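**Q** have a look at this prediction, sequence included:
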Amino acid sequence: MRVIESSELIINSDGSIFHLHILPEELADTVILVGDPGRVDTVASNFETKEFRRSSREFVTVTGSYKGKRMTVLSTGIGTDNIDIVLNELDALVNIDLKKRVLKPERKTLTILRIGTSGAIHKDIPLGSYILSEISVGFDGLLNWYGGRDRVCNREMERAFVTHTGWPDALPSPYFIPSSRVLVEALGDFTQKGITISAPGFYAPQGRVLRLPLAMGNMLSVLESFNYKGNRITNFEMEGSAIAGLSALMGHQAATVCSIIANRYLGESRTDYKESMNNLIINSLDRLSRL
């Protein structure tokens, strides 16, 4: 049995995982991911009980219970590079014996839902609506570093997208990853399903122009016109592809649901989205509590 060296899996002196600073017994099987550390307390304010609150860098964690179901809410910060840390450490907490540094004989499956904000690219997706990412598109290239990515991705859709966009060779190869069917069905009653792009930045990778020009000058119009068997790209965010992709490779159930706070087609945005986000949180917690 392979022993994982300390340089590959760093464990703190108190037995907690390196970046997240939580112990295996502190993690619930249902995990809610949010980008903003401040949103952890917003989610956790709905818990009936709270076991602990811990903060390490941008990673803030609270475990408690909602309607009798044990849940963990954890902030990731912004970007898929942070998701690479979070997903690997969450999986290690449940599927690696941290004391012996070996894989556990039985694999555990986590249920992981990202709750976030997003920008729509079609005029018929209004501010305040909720998009459930049935498929996440990685513009970041993260999943391409892992073996086995082809078995969990929709390669046919990837090829159609590359052809449609004339995808530049200088950019990371995009990957299309389906979300968990369990979560898509559980959250489908109050959301609109869509194809969501996870961009490796907020400005040029999402087609925003301030002072610097884009490598793909027609980026938004090309994305808006993409259609694959009746499915269109609906919105941008920055983490969902890595969550869905790594979870699929590791055997976890994962999805992303976002509140729309900008519409790129109409040039509109809303910075006061507290009520919409609170409603999204409550609806998501209710559905997760029934699983």
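**A** Sure, I can see it.
**Q** who touches the residue nearest the centre of the chain in this structure?
**A** Geometric centre of the chain, nearest residue: Gly240, 2.9 Å, by CA atoms, centre = their mean. Under the criterion of CB atoms under 8 Å, 6 or more residues apart in numbering, the contact list for Gly240 reads 114, 116, 133, 136, 196, 198, 255-256, 258. Yep, even glycine has a C-beta here, placed from its N, CA and C like the rest.
**Q** residue boundaries of the helices in the stretch 101-250 of the chain?
**A** Taking DSSP state H, counting those that start in this stretch as the criterion, the stretch 101-250 of the chain carries its helices at 149-152, 155-165, 181-187, 219-225, 240-250.
**Q** for those, which one sits closest to Ser55?
**A** If you check each of these against Ser55 by CB to CB, helix 240-250 wins as the nearest, at 21.2 Å.
**Q** pull the CA atoms of that closest one into PDB?
**A** Taking Å, rounded to 0.1, in the frame of the first residue of the first chain, the C-alpha atoms of helix 240-250 are listed here in PDB:
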ATOM      1  CA  GLY A 240     -17.700  25.800 -10.900                       C
ATOM      2  CA  SER A 241     -15.700  23.900 -13.600                       C
ATOM      3  CA  ALA A 242     -13.000  22.800 -11.200                       C
ATOM      4  CA  ILE A 243     -15.600  21.800  -8.600                       C
ATOM      5  CA  ALA A 244     -17.500  19.700 -11.000                       C
ATOM      6  CA  GLY A 245     -14.400  18.300 -12.700                       C
ATOM      7  CA  LEU A 246     -12.400  17.300  -9.700                       C
ATOM      8  CA  SER A 247     -15.500  16.000  -7.900                       C
ATOM      9  CA  ALA A 248     -16.300  13.800 -10.900                       C
ATOM     10  CA  LEU A 249     -12.800  12.400 -11.000                       C
ATOM     11  CA  MET A 250     -12.800  11.800  -7.200                       C
END
